[in-house]
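1. Build me a structure from this.
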Amino acid sequence: MKTNKTNVAGSCAVALLVVLASAPAGAATEGSSNNFFGTGAGASNSGDANSFFGAYAGVGNTTGHSNTFLGYGTGYYNTTGYYNTFLGRYAGFSNTTGYSNTFLGHSAGLTTTGSGNVFIGYAAGYGFSDTGSNKLYIDNCYDGFPCTSPLIYGEFDNHLLEINGEVGIAANGASKSQLHFSLDGSDVGGWLTSVLDNNFFVSSGAAYDATAGGWIQKAADGKAVMAGSGGAGYRVFTNTGAVVGNNFAPAVRLHIDYGGNVGINTVAVAGVPISTATGALLTAGGSWQSSSSRERKEHIQALSGAQALQALAELRPVTYNYKVDAEEKHVGFIAEDVPELLASKDRKSLSALDIVAVLTKAVQEQQQVVDEQKHTLEKKSRMVHEQKQALETLAATVARLEAEMNQLKRRDVVAQR
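-> Numbering: from 1, shown residues only. All right, here's what the predicted structure looks like:
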């Protein structure tokens, strides 16, 4: 039995429908709980629970049910599609069997025949994947068709969202602007946070909340990483051991100031290209200086000459190249082969300063020997000199005595005459 259901009540409404429509809405329809208004609206309908408002809205609908079409020509070719909502002239115009679509805007989804789509805006989705399903398009396609880069594009089945434009997130009076990412929507994952001018941080395991006192631990493993810019430059922080919900003060791991100076596990120092928490640094002149302050050392003992000479004797200088560069030759030592005095904990690296210390002590020992030998030679030289002087004195005495004896002999000869 054919029925013509309408929400327009009373004879005045019926008369108005007759005046406005040259062919009555739902003129040859079947089905129940339908509402049709406009020339040709729902003219072929046999489905249930449809609401078509506007000339030729749902004009081709047959068994499609639970649809809402509002606007001239909306859902024009829909036949068996259901659970569709089309609002705006020609919205969903080409849809035939697609279901669960929501098209809002003049010509939104004009050429689409798929299912599970959401298109919002003038001609939104025009020319995109005409048979595609589970798509999101939000745009106004004033600049021609198809809309090659919609403002917002999404795929519901793949949980994909693309934004073709600049995204601004305003604080609106809150203590921060913040964007949160997580796999399951829980209060973990990562955050993008801006608190002040020239302030932007990426964090995982912790979120920033000024009203709560700063960084708040979120991850149950007690670990957190924060990196971003601010008035001091770019910084990377880490923290471990904080209980979920507790505030913490993160430690600086990397700092690059606006002068390009770098701090590793410490803040950067103006005029020092690289500073480290160990005290080692790279000077502005390009010289690497190792940390050597007494403040950082303990169990300080003098290196004996015997230790140094033994280590020096056990060193085996070699020539080699690193496997990554066969063309660059080097002269040095193999970490696994050096004596225990110079070995690192894992025997995979060497400290040049350690070797310099051994060489210094060995040279000092040799210099001491040289100095002692020099002293001995000087002493012997003095003795020789003294002996020479003594001999010279003795020779002079002998010569004087000989002269005196000769003189006495001459006197005796004269006296005997």
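
2. any idea how far residue 69 is from residue 85?
-> Residue 69 is 8 Å from residue 85, where distance means Cβ to Cβ, to the nearest Å. In short, each C-beta sits where N, CA and C put it, glycine included.

3. what's the answer for residue 253, then?
-> From residue 253 to residue 85 the distance is 52 Å (Cβ to Cβ).

4. Could you do residue 182 as well?
-> Here residue 182 is placed at a distance of 31 Å from residue 85 (Cβ to Cβ).

5. Of these two, which one has the most company?
-> Neighbour count, other Cβ atoms under 10 Å: between residue 182 and residue 85, residue 85 has more, with 20 against 12.

6. And the more buried one, its phi and psi?
-> Residue 85 adopts backbone torsions of phi -130, psi 110, taken as degrees, to the nearest 10.

7. show me where pLDDT drops low in the stretch 1-150 of the chain?
-> Residue ranges of the stretch 1-150 of the chain with pLDDT under 70: 1-29, 128-130, 142-146.

8. Specify the local secondary structure of residue 370.
-> Following DSSP: H, G, I helix; E, B strand; the rest coil, the label given to residue 370 is helix.

9. That should have said residue 225, apologies.
-> Following three-state DSSP, residue 225 is assigned to strand.

10. For residue 105, see how far away residue 51 is.
-> Distance, residue 51 to residue 105, using Cβ to Cβ: 18 Å.

11. before we move on, what about residue 403?
-> 143 Å.

12. neighbour-wise, which of these two wins?
-> Between residue 403 and residue 105, counted using other Cβ under 10 Å, the more crowded position is residue 105 (26 against 10).

13. isn't that one right next to residue 118, touching?
-> No. Applying Cβ atoms under 8 Å as the test, residue 105 and residue 118 come out as separate, 11.2 Å apart.

14. you'd agree residue 353 is in a helix?
-> Yes. Under three-state DSSP, residue 353 falls within a helix.

15. which residue sits closest to it, ignoring its sequence neighbours?
-> Leaving aside its sequence neighbours, residue 353 sits nearest to residue 290 (Cβ to Cβ, 6 or more residues apart in numbering; 5.6 Å).

16. Measure how buried the one you found is and give me the count.
-> Residues near residue 290, counting by other Cβ under 10 Å, number 12.

17. Surely it touches residue 280?
-> Yes. With contact defined as Cβ under 8 Å, residue 290 reaches residue 280; the gap is 5.1 Å.

18. Next up, the contacts around the nearest residue in space to residue 258 that is not next to it in sequence.
-> Spatial nearest neighbour of residue 258, excluding adjacent residues (Cβ to Cβ, 6+ apart): residue 233 at 5.2 Å. Counting by Cβ atoms under 8 Å, 6 or more residues apart in numbering, residue 233 touches 255, 256, 257, 258, 268.

19. mind putting those residues in TSV, pLDDT included?
-> Below are the contacts of residue 233 laid out as TSV (pLDDT from 0 to 100):
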residue	pLDDT
255	97
256	97
257	96
258	96
268	96
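
20. Narrow these to just the buried residues.
-> 255, 256, 257, 268 (16 or more other Cβ atoms under 10 Å).

21. Can you tell me the element residue 388 falls in?
-> Taking DSSP states H and E as the criterion, residue 388 maps to helix 352-416.

22. Can you spell out which helices and strands pack onto that helix?
-> Secondary-structure packing of helix 352-416 (3 or more Cβ pairs under 8 Å, 6 or more residues apart in numbering; DSSP states H and E): helix 305-314.

23. Could you tell me the average pLDDT over the helix it packs on, please?
-> Averaging pLDDT along helix 305-314 gives 91.

24. CA atoms only: put it into PDB for me.
-> Output in PDB follows, covering the C-alpha atoms of helix 305-314 (Å, rounded to 0.1, in the frame of the first residue of the first chain):
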ATOM      1  CA  GLY A 305     110.400   5.700  37.900                       C
ATOM      2  CA  ALA A 306     110.400   1.900  37.900                       C
ATOM      3  CA  GLN A 307     106.700   1.800  37.000                       C
ATOM      4  CA  ALA A 308     107.100   4.300  34.200                       C
ATOM      5  CA  LEU A 309     110.200   2.600  32.700                       C
ATOM      6  CA  GLN A 310     108.600  -0.800  32.900                       C
ATOM      7  CA  ALA A 311     105.400   0.500  31.100                       C
ATOM      8  CA  LEU A 312     107.500   2.300  28.500                       C
ATOM      9  CA  ALA A 313     109.500  -0.800  27.900                       C
ATOM     10  CA  GLU A 314     106.200  -2.800  27.300                       C
END
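
25. Run the angle between that helix and helix 352-416 for me.
-> Counting by axes from the mean of the first three to the mean of the last three Cα atoms, to 10 degrees, helix 305-314 lies at 110 degrees to helix 352-416.

26. Need the residues that contact helix 305-314.
-> 338-339, 341-342, 357-362, 364-365, 368.

27. Filter the residues you listed down to just the buried residues.
-> Buried positions within the contacts of helix 305-314, assessed by neighbour count (16+ other Cβ under 10 Å), are 338, 341, 342, 357, 358, 361, 362, 365.

28. Can you lay out those residues as TSV showing pLDDT and distance to residue 377?
-> Shown next, in TSV, are the buried ones among the contacts of helix 305-314 (pLDDT from 0 to 100; distance: Cβ to Cβ, whole Å):
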residue	pLDDT	distance to residue 377
338	94	37
341	92	33
342	92	35
357	92	30
358	92	29
361	89	24
362	89	22
365	87	19
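
29. what's the most distant pair in the residues you listed?
-> 338 and 365 (19.4 Å; Cβ to Cβ).
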